[in-house]
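Student: this one's sequence-less:
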């Protein structure tokens, strides 16, 4: 006899549970963690370099880099001054909580204040997989076009901050800032936005101040 | 590819519920996929055939129920499906919305032989 059993369970609940464990571990070590996502070439690594250069005087920074094959990005972060762990996902299109858990085991969290996780360049899959960070950041860039919130609503909805990078290119490409921002506003009302150019440095100090304040706030809450 | 991890999760959830009922086999799985969830169901089917082999879920049929995005305008109350490049309310132009449906990704039910 065939019987229908109601289940109603989220498929990603196992990953979500593990993400919560990761978050607890970060909190127990008083480490602030961020998940940086973007399509390839938007400027995640450049922003991480700028962030490490700008904050390493006051914060001990670790970095977890997830990439399909190279360790180029981790090397850049190390050159800027961070302790970096490279996860080669071997072809997977996003990081998940399991991978982050194993990378965390390779970092001495007691010697860190901030961990930056650089996700795989991809606007689709990383949106679904929580890692257990305190904040998730999307790095968008001007040359990608102003319709991206409309094409990738899942990603834009799920992040805590949107960085709009490469604003130095605005005079050279068609980009309707109003249209772009309207898309973000509906999907993620009040989301923090940063406009910057990693190349010229414009807008970086505001970002550094914000991130530094987030870390400090979390440390205060932890103690 | 990541649909493998997702399919493994589906299998674990289905087996757990079937075993609670001491079922002999699982014949069908009913999945709900929101329009704004980033999962590709062809890949899920592909991996499912491989990993369900050797379990009581072997040969089970996967059913995918796609749920469109439905937004509710918080200003005027209108519920609507957003246009592809315009998310704001077609009635009042408002941009304060709540997502009613469209972000689901869950296993709704399974059919088993007891």
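Tutor: Sure thing, it's come through. This structure is a prediction, so every number in the text was calculated from the model and none was measured.
Student: residue A:85 in helix, strand or coil?
Tutor: Residue A:85 falls in the strand class when you classify it by DSSP: H, G, I helix; E, B strand; the rest coil.
Student: which neighbouring elements make contact with the helix or strand of chain B with the lowest mean pLDDT?
Tutor: When each helix and strand of chain B is scored by mean pLDDT, DSSP states H and E, helix B:41-51 comes last, with a mean of 85. Counting contacts by 3 or more CB pairs under 8 Å, 6 or more residues apart in numbering or on different chains; DSSP states H and E, helix B:41-51 packs against helix B:3-20, strand B:25-34, strand B:61-67. From N, CA and C alone the C-beta is placed, and that goes for glycine too.
Student: tell me the buried residues in that helix?
Tutor: Neighbour-count burial for helix B:41-51, counted by 16 or more other CB atoms under 10 Å in any protein chain shown, picks out B:44, B:47, B:48.
Student: just give the nearest non-adjacent residue to the second one, would you?
Tutor: Same thing as residue B:47. residue B:7 (4.0 Å; CB to CB, 6 or more residues apart in numbering or on different chains).
Student: ok, now residue A:207?
Tutor: The nearest residue in space to residue A:207 (CB to CB, 6+ apart) is residue A:194, at 5.0 Å.
Student: pLDDT at the closest residue to chain B within chain A, what is it?
Tutor: Nearest residue of chain A to chain B: residue A:186, at 4.0 Å (CB to the nearest CB). Among the per-residue scores, residue A:186 holds a pLDDT of 94.
Student: what sits against it?
Tutor: Residue A:186 makes contacts with B:87, B:88, B:95, B:97, as judged by CB atoms under 8 Å, 6 or more residues apart in numbering or on different chains.
Student: and chain A, which of those residues reach it?
Tutor: B:87, B:88, B:95, B:97 (CB under 8 Å from any CB of the partner chain).
Student: buried sites along the helix or strand bottoming out on mean pLDDT in chain A?
Tutor: Every helix and strand in chain A was compared by mean pLDDT, DSSP H and E; the lowest is helix A:72-80, with a mean of 75. Of the residues in helix A:72-80, A:73, A:74, A:76, A:77, A:78, A:80 count as buried by neighbour count, 16+ other CB under 10 Å.
Student: in chain A, which spans are strands?
Tutor: For chain A, strands defined by DSSP state E occupy the ranges A:2-10, A:32-37, A:61-67, A:83-88, A:114-118, A:135-141, A:161-165, A:192-195.
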